[in-house]
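*Asks:* Structure here, sequence nowhere to be found:
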């Protein structure tokens with residue numbers, strides 16, 4: 001089984017690229033972030049024709065998340081329960097697989113703008129609420145995968161300039177501690193279960209030849225629960241879509257569960 005995550009930075013703009021990628025990479029489930037459209041504008045028919053069903057949580061102009069899957073999704077949750085939030089950032093669903101039910105949570109984590117700002121404080125509150133909810137989800141679903149654009153570079157090796165960017169947004173001690181807190185719930189960073197090339201990133205700024213110079217960050221992640229960890233056989237970042245005309249600034253990340 002293959003599960004992927006991809007911040008497409010506008011599904012309206014990137015739909016042809018998503019369809020092309022799914023044809024070349026027929027994953028079983030794909031978490032999309034930054035749809036930037038409302039649910040009534042979601043291109044459900046085009047994705048159904050490609051062999052995927054979808055559950056969505058959209059928002060006009062900003063945010064928005066969806067789960068595409070080969071099989072029907074059930075027990076769908078939108079946003080973090082008991083956490084008041086007007087922004088469409090979380091969608092969760094259960095997928096019935098040959099190995100049993102799998103709980104998939106897809107998130108577009110808060111950016112945070114800058115340490116000390118109100119948006120950073122919002123990010124901290126949101127991450128705290130997420131951790132407590134994921135704790136409950138793990139207690140109810142031992143086979144759980146959390147994917148998305150985390151907007152956190154967990155370690156120095158996840159940044160093109162760890163010293164120059166130290167304690168700036170995506171690199172702060174507080175953000176990295178929240179990432180570790182999620183792992184300590186009983187989860188693993190699937191990408192780091194394997195030897196990976198140095199300077200492996202999933203996001204590159206559109207400006208200043210960021211991709212061409214590989215000035216990037218690894219901020220898109222797939223976390224797997226302890227029960228699933230033994231079944232993880234591969235995890236990689238697919239840089240190919242970042243070479244497209246009018247690409248998203250993010251690349252897909254794919255995990256394989258055997």
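*Replies:* Sure thing, it's come through. All figures in this text were calculated on a predicted structure; none of them were measured in a lab. Numbering: from 1, shown residues only.
*Asks:* can I assume residue 38 is in contact with residue 63?
*Replies:* No. Look at residue 38 against residue 63 with CB atoms under 8 Å: they stay out of range, at 10.9 Å. C-beta: built from backbone N, CA, C; applies to glycine.
*Asks:* more crowded one of those two?
*Replies:* Using other CB atoms under 10 Å, the more surrounded residue of residue 38 and residue 63 is residue 63, with 20 against 14.
*Asks:* quick one: the closest residue to that one other than its chain neighbours and residue 45, what's the gap?
*Replies:* Nearest non-adjacent residue to residue 63, counting by CB to CB, 6 or more residues apart in numbering: residue 88, 4.7 Å away. For residue 88, the distance to residue 45 equals 21 Å [CB to CB, to the nearest Å].
*Asks:* now swap in residue 234 and tell me
*Replies:* 32 Å.
*Asks:* Tell me which of those two has more neighbours.
*Replies:* residue 234 (14 against 8).
*Asks:* What segments of this protein are helices?
*Replies:* 11-24, 44-49, 118-140, 173-184 (DSSP state H).
*Asks:* Which elements pack onto the longest one?
*Replies:* Helices and strands touching helix 118-140, as assessed by 3 or more CB pairs under 8 Å, 6 or more residues apart in numbering; DSSP states H and E, comprise strand 100-108, strand 144-149, helix 173-184.
*Asks:* Nearest to residue 225 among the ones you listed would be which one?
*Replies:* Across these, the minimum distance to residue 225, taken as CB to CB, is reached by strand 144-149, at 4.3 Å.
*Asks:* by how many degrees do that closest one and helix 118-140 diverge?
*Replies:* 160 degrees (axes from the mean of the first three to the mean of the last three CA atoms, to 10 degrees).
*Asks:* who does strand 144-149 pair up with?
*Replies:* Strand 144-149 has its sheet partners listed here by DSSP bridges as strand 100-108 (parallel), strand 220-225 (antiparallel).
*Asks:* Buried residues, the longest one. List them.
*Replies:* The neighbour-count check on strand 100-108 (16 or more other CB atoms under 10 Å) flags 102, 103, 104, 105, 106, 107, 108 as buried.
*Asks:* how far away is the first one from residue 77?
*Replies:* Read that as residue 102. Distance, residue 102 to residue 77, using CB to CB: 15 Å.
*Asks:* and what of the third one?
*Replies:* Residue 104 is 11 Å from residue 77, where distance means CB to CB.
*Asks:* can you check the fourth one too?
*Replies:* The span separating residue 105 from residue 77 equals 8 Å under the rule CB to CB.
*Asks:* shared neighbours of these two, anything?
*Replies:* 90, 91, 92 (CB atoms under 8 Å, 6 or more residues apart in numbering).
*Asks:* The second one and residue 201, how far apart?
*Replies:* Yep, that's residue 91 we're talking about. From residue 91 to residue 201 the distance is 25 Å (CB to CB).
*Asks:* who's more crowded, the two?
*Replies:* The residue with more neighbours, out of residue 91 and residue 201, is residue 91; 28 against 23, by other CB under 10 Å.
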